[in-house]
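Participant: Got a sequence here, can you model it:
(chains A and B, ligands or ions: 3)
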Amino acid sequence: MAIECLVLGAGQDVGKSCVVVKMNGKKIMFDCGMHMGHHDHQRYPDFSRISSSGDFDSSLTCIIITHFHLDHIGALPYFTEVCGYKGPIYMTYPTKALAPLMLEDYRKVMVDRRGEEEQFTSENIADCLKKVTAVDLKQTVQVDKDLQIRAYYAGHVLGAAMFYAKVGDASIVYTGDYNMTPDRHLGAAQIDRLHLDLLISESTYATTIRDSKYAREREFLHAVHKCVSNGGKVLIPTFALGRAQELCILLDDYWERMSLKVPIYFSAGLTLQANMYYKVLINWTSQKVKDAYTTRNAFEYKHVCSFERSMINAPGPCVLFATPGMITGGFSLEVFKHWAPYEENLITLPGYCVAGTVGHQLMSGKPKKVAVDKDTQVDVRCKINQLSFSPHTDAKGIMDLVKFLSPKHVILMHGEKPKMISLQERIQSELGIPSYCPANNETVSIPSTHYVKADISDTLRRKAKYPNFKFLKTNPEGNSNRDFMAPPTDPLRVFDDRLTDGILCLDNGKKAKAVHQDEFLGMLGAEKHELQFAYCCQVRVGNSGNARNIEISGDTLPIIDKYSRLHLLNGKLALELAEVNIQDCGEHIQVESVSISVCLNDDCPHRVSETSLNNSEAIYFCCTWLAVDEELARNVISALKKLELSTTEV
Amino acid sequence: MKFTSLSKGKGFYFPPCHLLNICGFRVLFDCPLDLSALSIFSPVGIDEGEFRVSSCDDFRDSECSDKKRQKAEKPLDASNLIHAEPYYKTVNDLHLWNASFIDIVVISSYMGMLGLPFLTRKQGFSAKIYATEATARLGKLMMEDLVAMHAEFRQLYGPEESGSTQWMKWEELDMFPSVMKEIVIGKDGTELGSWMPLYSAADVMDCMQKVQALKYAEEACYNGTLLIMAVSSGLELGTCNWTISSPKGTVTYLSSSSFVSSMSTDFDYHALQGSDMIIYSDFTTWKAGNGVDDYIGCSAPSTYELSDFSNSENDWEVRAESLLKLDDGAEEVEKLSFLCSCSIDSIKAGGSVIIPIGRLGIILQLLEQIADSLEATNNKAPIFVISSVADELLAYTNIIPEWLCKQRQDRMYSGHSLFGHVDLLKDKTLQLFPTLHSLELLKSWEEPCIVFCPHWSMRLGPAVHLLRRWCGDPNSLLIIENEEYTDLALLPFKPMTIKALQCSFLSGIKLQKVQPLLNILQPKVLMIPEDSRQFIPTFNTSMSLKYFSGKETLCIPKYKTTSELDIATDLTLQIQWKKLRHKETSIARLKGQLLLEHGKQRLVFHNDQEASMQAKSLLHWGKLDLKSLLVSLQKMGINGFVEQENIDTESETPTLVHISEPRKALIEMKGTDTVISTDDEDLASLICRTICSNLDCI
Ligand SMILES: [Zn+2]
Ligand SMILES: [Zn+2]
Ligand SMILES: [Zn+2]
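Facilitator: Ligands and ions are numbered 1, 2, ... in the order given. Below is the predicted model:
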């Protein structure tokens, strides 16, 4: 069986994350994002590829949203309210609580400021979120009889989760965006060691290795401090949630320590509601913030106040957080136009900026002028600072996660093509895991795990609990290519085979059943059939002078003599067959199942071959063995035939 | 599987306690404390001189005993209570078990946790403890509060009298009034050993470190064999039922549950569906007054209703759910609003209200409703919560949307705090204080007022002092729960003119709901308390019923002699099936490695696969048919003659077939034993193959 992944967005790109995974008859859409760099139909994933008729309810089992960033959730209200998807939607509690703020912020920017045609209304957002089922971390959610999903902590932003999905025996993890190192307010991503067929990972920083975060944080604080102490204004364009709170904690803390009085502003409406959510959802932050909450909730800032539009041109230094991030329009763009032309000011861009945004232009090189739209150019004389710490994992983190989970396959998404390809090659060469980085609208198909269900009987299960050591002679050459790492193998190998006596039975159309062979015969009502081989072997007695003794003793050969002959034979055989393990059991000697004893019965039925010697010249040894040891037995017999026992040696 | 019921408990505050042996592991369900037993002690803060009874140590003569005995026969009064630092009553039968024998402890509610430090501090205790995050957090707060309240006794009796166990001597016990004696030594007189001096704050800390906190529906894997999951029981914040899955099937532990949750996450029955066995441990169902009377008039839903459900899965669920939810809620809502109106009446009359209820869910709802009622009726009175953990408790309730019901979560989504107390605290309608004697409290104290404070046993905590203050005020109101020893609990405060409102809240599954619930869950085996027998003679189902009672270990018969095995596909491709002769069965030798992980048995390819293949011995069965064997041999060019044929296959003398062509050989057949003897290797294997083709083999 196969797992099919149709990449509808974020294939070799960052923006409009969306992948539809089909496994064992279920179809799950992971993320439903929009692209900030496009303003036409390309901003949304091409949903028509899921169902050309638009009947999404029957073609999708559920939608899973990993976090509240617009490139992961931006298209959801459009998909549910405009395209009409009515099926289940899952996301974490914080995502459900915070997503409306993000979506509303974006909608306003689109409509009010950029004057675009509305893609969805405020009401749409509210209706859409009502359909969402919120989940907790690690909680196993049974979407339907066959589909199980589970969220794992992803760091990145409040409520970000990686999602595990399992149908039958096939299972995958879709990471969304994640961070493998903790930051000011969030912990590092955390996941169980799962058996996975497929890992779909983000790869924003596919080739970057980052050093200590604290050095970068210091750098940021110094840059801000320097700017405000020179009377400059600092603009930090961010989205309403995530980065804003992290940097706010950082600045608030720094202001407190340095006793700074310069105001820190949040653009209107941005903080209040968001902070309420952050306070209630404090369990989703880092352990440090959580532990301190009874004494002081980290999201109650001391130095932060709200900003009025009229304050844009007010004199004096300040720090301003303004939405939206990447300066795609709205208030941050407005402030940018006013502040960018002055060289004492500073613009700090936290994190990634999608191509096509003003933020992206500022980051690529040092532009003197920036085109904000068709007609307007803004002179840029202020300092530009890019925050080099990011809530995304770096290449090391991705490699660590892949190594930890050791999935059978890896798909990379949410990154830039050349970097992704180099990471893909690294995963294949260093970890030996086949990996892919499909482009948008491509489908990757990989095989999936499947277990055949059977019942196992208690008896067999009990017996299989205990070691059953077997000894086996092996030919070292024969195995050399299998265990190339192992030292030269000992010819005698020990292995633990607990299932030797297990038998799998399959009745027509029924579930297979594994039983112990004794039970099996009982079930059949049959008796074990013992199939043996026997051969009564004549061995020449060397010293004819003493042969008379044997003749005389005849049938009443004293036991002591019987034993001594066997003993003698044992010694001889040991010389002859160096590699076998011969056991002297008194009445007989034993080599595996081959049993050899002195035969005094002249009518022994096992003396089948023509005898070349008369009784006075020979002793008979009766050999019996099981079919498995046929080869061994024949070796023993041919050795016996070659032997000549000297009775004087007795 | 073995099951031992250690205690059936006494309802919400003292949940049941059992031990289950599953797959060779011992699982302890809950570890509670019987805090109602505290009522044999004199409450904290009573001037001991007042009631002091001379100890028998002083003059050990018969006169003293006589005097005391006479007193015992008189009606019980406060002087009968024990004036000593209280001991705490644990689950008696738990002491019969060596702590080191327990492998797993699961905790279903914060009340089920209060005895845990006694267990975890025992030598050799090494079990894994599971509890939901909310239970662990709230349980910790309750235990810390208990330790803090108990400290007042230590101060009262001083170090030398602390730990005095004079009262535990048999001669003293004999002189106790019968009610008290029963509490001390139990109905059967064996429970004296269950009394323990309280654990310390350090014991609590140590205990909490051993607890693994889980989310609802988080899978915890024990030893690769058991998958343990906490599933919401709907009763209180964080309370849960448990499912324990192993390759042998799934066991559900059903604790006291509520189908209409006004605050905490709803009862989750989906997760319990398909369990092989249910341990029904909600004893409140069989308690008198819990709808038992109603039940007599109401017939159990009949089977045709059940078959009706099976139309479509969705329809079935909807109907089942509605059946469970039916009519439970309204009654509880009414109770709360009644309590509210009584409280307002007291305030209006100038009296104060004291609410020493220990149920968090009730407290939080009453807080909101009383504040609302005060405002609605234009009455002004401060509301106080006095407890060493009040601050942390209320702060905690406001950061746990994941543990609350849909309506509470919706408050968050619409931008409000989860509970009204956040706003009440802001506008100072509600004030929190750690102790009665805190300076801030004195500053803002105002009467009449409404006070929520521990402890419901009326032996420790601020409630004792406040009741003493107001017990003579007919306008004041005491709201307490109807417990077994309420009379004894109130004894030291008598005579009382304060109004006392005794109420009982829904604390488990109602009798009428048992049948619908079982219809939904459909277990194969139902373990149910002996107590249920008198109410329901036979359940209307096909499941097998096992009644359990205390003090006996019940062996649960296997409901399956097989377990699930997953065979890896790469291995199945290698399986060489063989058809059985004369049967529609295919068989194959098992190979590979048996793994036990995450509660599942898996057969996977293992490295020594080839080696084990070589070493396999053949298994043949059945008897040989001489005629067909001879025919087969002839086909292979093997000829010979039968020397002696035994029709009677049981006979001792074997059938001999002498082979002359192509070379000499002999086949000896006796029943299911066959011996081939020949010198010639090739001939031997040819004969062997021919015989095998006439036998079934693997
Ligand atoms: Zn993101
Ligand atoms: Zn992203
Ligand atoms: Zn012989």
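Participant: does any bit of the longest strand anywhere in chain A sit next to chain B?
Facilitator: In chain A, taking DSSP state E as the definition, the longest strand is strand A:528-541. Yes: Strand A:528-541 reaches chain B (CB under 8 Å from any CB of the partner chain) through A:Lys528, A:His529, A:Glu530, A:Leu531, A:Gln532, A:Phe533, A:Ala534, A:Tyr535, A:Cys536. In short, each C-beta sits where N, CA and C put it, glycine included.
Participant: Torsion angles phi and psi at B:Asp34?
Facilitator: Main-chain dihedrals, B:Asp34, degrees, to the nearest 10: phi -90, psi 90.
Participant: what kind of secondary structure is the nearest residue to it once chain neighbours are set aside in?
Facilitator: Leaving out its chain neighbours, the residue that sits closest to B:Asp34 by CB to CB, 6 or more residues apart in numbering or on different chains is B:Lys89, at 4.3 Å. Under the three-state scheme (DSSP: H, G, I helix; E, B strand; the rest coil), B:Lys89 adopts strand.
Participant: B:Lys89: how many residues sit nearby?
Facilitator: 23 (other CB atoms under 10 Å in any protein chain shown).
Participant: That one contacts B:Ile40, doesn't it?
Facilitator: No: counting by CB atoms under 8 Å, B:Lys89 sits too far from B:Ile40 to count as a contact (9.2 Å).
Participant: picking up where we left off before, got the residues of strand A:528-541 next to chain B as a markdown table, with neighbour count columns?
Facilitator: Shown next, in a markdown table, are the residues of strand A:528-541 next to chain B (neighbours: other CB atoms under 10 Å in any protein chain shown):
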| residue | neighbour count |
| --- | --- |
| A:Lys528 | 15 |
| A:His529 | 23 |
| A:Glu530 | 14 |
| A:Leu531 | 21 |
| A:Gln532 | 16 |
| A:Phe533 | 27 |
| A:Ala534 | 21 |
| A:Tyr535 | 26 |
| A:Cys536 | 20 |
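Participant: Which single one of those is nearest to ligand 3?
Facilitator: Nearest to ligand 3, judged by CB to the ion, of those is A:Cys536 at 3.1 Å.
Participant: pretty sure A:Met36 belongs to a strand, no?
Facilitator: No: using three-state DSSP, the assignment for A:Met36 is coil, not a strand.
Participant: how about low-confidence regions in the stretch 251-400 of chain A?
Facilitator: For the stretch 251-400 of chain A, the stretches with pLDDT under 70 are A:268-272, A:294-295.
Participant: at 80 what do you get?
Facilitator: Residue ranges of the stretch 251-400 of chain A with pLDDT under 80: A:267-273, A:275, A:291-298, A:300, A:351-352, A:354-356, A:365-366, A:373-374, A:388-390.
Participant: Residues of it that sit close to chain B?
Facilitator: Counting by CB under 8 Å from any CB, the residues of the stretch 251-400 of chain A that sit close to chain B are A:Gln273, A:Met276, A:Tyr277, A:Lys279, A:Val280, A:Leu281, A:Ile282, A:Asn283, A:Tyr293, A:Thr294.
Participant: Can you list which of those are found in helices?
Facilitator: Among these, DSSP state H puts A:Gln273, A:Met276, A:Tyr277, A:Lys279, A:Val280 in helices.
Participant: roughly how far apart are the closest residue to the second one other than its chain neighbours and B:Asn639?
Facilitator: Closest residue to A:Met276 in three dimensions, ignoring its sequence neighbours and counting by CB to CB, 6+ apart: B:Gly415, at 6.4 Å. Using CB to CB, to the nearest Å, we find B:Gly415 at a distance of 99 Å from B:Asn639.
Participant: Kindly reformat the ones in helices among the residues of the stretch 251-400 of chain A next to chain B as TSV containing neighbour count.
Facilitator: Written out in TSV, the entries for those read as follows (neighbours: other CB under 10 Å):
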residue	neighbour count
A:Gln273	16
A:Met276	17
A:Tyr277	24
A:Lys279	17
A:Val280	24
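Participant: what helices or strands is the longest strand of chain A leaning on?
Facilitator: Strand A:528-541 is packed against strand A:618-626, helix A:630-642, strand A:644-645, strand B:620-621, strand B:673-678, helix B:681-693, with contacts defined by 3 or more CB pairs under 8 Å, 6 or more residues apart in numbering or on different chains; DSSP states H and E.
Participant: Count the neighbours of the residue nearest to A:Met276 for me.
Facilitator: Count around B:Gly415 with other CB under 10 Å applied: 13.
Participant: pLDDT score assigned to it?
Facilitator: Note on B:Gly415: pLDDT of 86.
Participant: gap between it and B:Ala500?
Facilitator: Using CB to CB, B:Gly415 is found at 41 Å from B:Ala500.
Participant: Pull up the overlap in contacts between B:Lys89 and B:Ile40.
Facilitator: B:Ile183 (CB atoms under 8 Å, 6 or more residues apart in numbering or on different chains).
Participant: Which of the helices or strands spans A:Met29?
Facilitator: strand A:26-30 (DSSP states H and E).
Participant: That strand pairs with which strands, parallel or anti?
Facilitator: strand A:18-23 (antiparallel), strand A:62-64 (parallel) (DSSP bridges).
Participant: ok, A:Ala2 touching A:Ile446?
Facilitator: Yes: A:Ala2 is within contact range of A:Ile446, at 6.5 Å (criterion: CB under 8 Å).
Participant: who's more crowded, the two?
Facilitator: Using other CB under 10 Å as the criterion, A:Ala2 and A:Ile446 rank with A:Ile446 on top: 20 against 13.
Participant: Quick check: which helices or strands does the helix or strand encompassing that one pack against?
Facilitator: Following DSSP H and E, one finds A:Ile446 within strand A:443-447. With contacts taken as 3+ CB pairs under 8 Å, 6+ apart, strand A:443-447 sits against strand A:2-9.
Participant: contacts for the strand it packs on?
Facilitator: A:15-23, A:31, A:33, A:35, A:45-47, A:49-50, A:170, A:172, A:197-198, A:200, A:411, A:413, A:438-448.
Participant: what's around the residue in chain B positioned nearest to ligand 1, how many residues?
Facilitator: Among the residues of chain B, B:Tyr413 lies closest to ligand 1, at 21.3 Å counting by CB to the ion. By other CB under 10 Å, 18 other residues sit near B:Tyr413.
Participant: same deal with A:Thr61?
Facilitator: A:Thr61: 22 neighbours (other CB under 10 Å).
Participant: for A:Ile411, phi and psi?
Facilitator: Backbone torsions for A:Ile411, taken as degrees, to the nearest 10, come to phi -120, psi 130.
Participant: I'd assumed A:Thr443 was in contact with it.
Facilitator: No: contact criterion CB under 8 Å: A:Ile411 and A:Thr443 do not qualify, at 10.9 Å.
Participant: Who has more neighbours out of the two?
Facilitator: A:Ile411 (26 against 13).
Participant: so who does the more buried one touch?
Facilitator: The neighbourhood of A:Ile411, defined by CB under 8 Å, 6+ apart, consists of A:Cys5, A:Val7, A:Val19, A:Leu198, A:Leu199, A:Ile200, A:Ser201, A:Ser435, A:Tyr436, A:Cys437, A:Pro438, A:Val444.
Participant: how near is it to A:Glu202?
Facilitator: Going from A:Ile411 to A:Glu202 by CB to CB gives 11 Å.
Participant: again with B:Ile509
Facilitator: Relative to A:Glu202, and taking CB to CB, B:Ile509 is found at 47 Å.
Participant: Pick the one among the residues of strand A:528-541 next to chain B closest to A:Val370.
Facilitator: Of all these, A:Val370 sits closest to A:Lys528, with 88.6 Å by CB to CB.
Participant: can you give me the strands for the stretch 201-350 of chain B?
Facilitator: B:211-214, B:219-222, B:226-232, B:240-246, B:249-254, B:277-280 (DSSP state E, counting those that start in this stretch).
Participant: Could you list the buried residues of the first one?
Facilitator: Applying a neighbour-count criterion of 16 or more other CB atoms under 10 Å in any protein chain shown, one finds B:Val211, B:Ala213, B:Leu214 buried in strand B:211-214.
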